[in-house]
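Q: build me a model:
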Amino acid sequence: MPKEYPRRLRLNAQLQRELTELIRDELRDPRLSGGVTVLAVDVTSDMRHATALISLLALDGKPQDAVLALNHAAGKLRHGLKQRLKLRHIPELHFRADTTAVTAEHVTRLIREARRADRQHAAERGEPDV
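A: Numbers count the residues shown, from 1 in each chain. Below is the predicted model of the structure:
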């Protein structure tokens, strides 16, 4: 298993900060009007590619539209990173929507349904409600 080098971790954090500022200040795409948050950036071990997880602040926003807009603007963002960072090679950017909130909501709904079914079965058997 490869070691996690501090340089890679520092680059992840720096890319996250810089991308957040670039998206906020430089991009004017209406698909990004919901307020995009860069949650994490993961640079590959060869530092040639970086995957950024994004989330929308607006609840009614469409994350897939924002991902499309950001992947379309990846060249402009990469150019902005080149001007801000002192790196020999700027990683290619890939954006993905963070699905943690959707997954968490789904799991929560399944747990509620299971508890409701357990209570219903207990009531049918005449057991006290727990």
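
Q: list the beta-bridge partners for the most centrally placed residue in the chain.
A: Nearest to the mean C-alpha position of the chain, counting by C-alpha atoms, centre = their mean, stands Leu53 at 2.6 Å. Beta bridges link Leu53 to Ala40, Arg96 when assigned by DSSP bridges.

Q: walk me through the domains of the chain.
A: Following automatic domain parsing, one finds the domains of the chain at 6-98, 99-130.

Q: hey, which of the ones you listed is tucked in deepest?
A: domain 6-98 (a mean of 16; mean count of other C-beta atoms under 10 Å). Any C-beta I mention is one placed from the backbone N, CA and C, and that applies to glycine too.

Q: this structure: helices as residue ranges?
A: 6-26, 63-72, 74-84, 100-125 (DSSP state H).

Q: which residues touch the third one?
A: Residues from elsewhere that reach helix 74-84, judged by C-beta atoms under 8 Å, 6 or more residues apart in numbering: 15, 18-19, 22-23, 26-27, 70, 87, 90, 92-95.

Q: recalculate using a threshold of 6 Å.
A: Residues external to helix 74-84 that are found in contact with it (C-beta atoms under 6 Å, 6 or more residues apart in numbering): 18, 22, 26, 90, 93.

Q: now for the fourth one: which residues touch it?
A: Read that as Ile90. Contacts for Ile90 (C-beta under 6 Å, 6+ apart) come out as 78, 81-82.

Q: where does the prediction get shaky in this protein?
A: Scanning the chain for pLDDT under 70 picks out the ranges 1-5, 34, 58-61, 129-130.

Q: at 80 what do you get?
A: Residue ranges of the chain with pLDDT under 80: 1-5, 33-34, 57-62, 101-102, 128-130.

Q: hmm, back to that, redo the helices of the chain as TSV? Include distance to His49.
A: What follows is these, written out as TSV (distance: least, C-beta to C-beta, whole Å):
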stretch	distance to His49
helix 6-26	11
helix 63-72	13
helix 74-84	11
helix 100-125	22
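
Q: closest to Ser45 out of these?
A: Ser45 lies closest to helix 6-26 among the helices of the chain, at 7.2 Å (C-beta to C-beta).

Q: packing partners for that closest one?
A: strand 36-43, helix 74-84 (3 or more C-beta pairs under 6 Å, 6 or more residues apart in numbering; DSSP states H and E).
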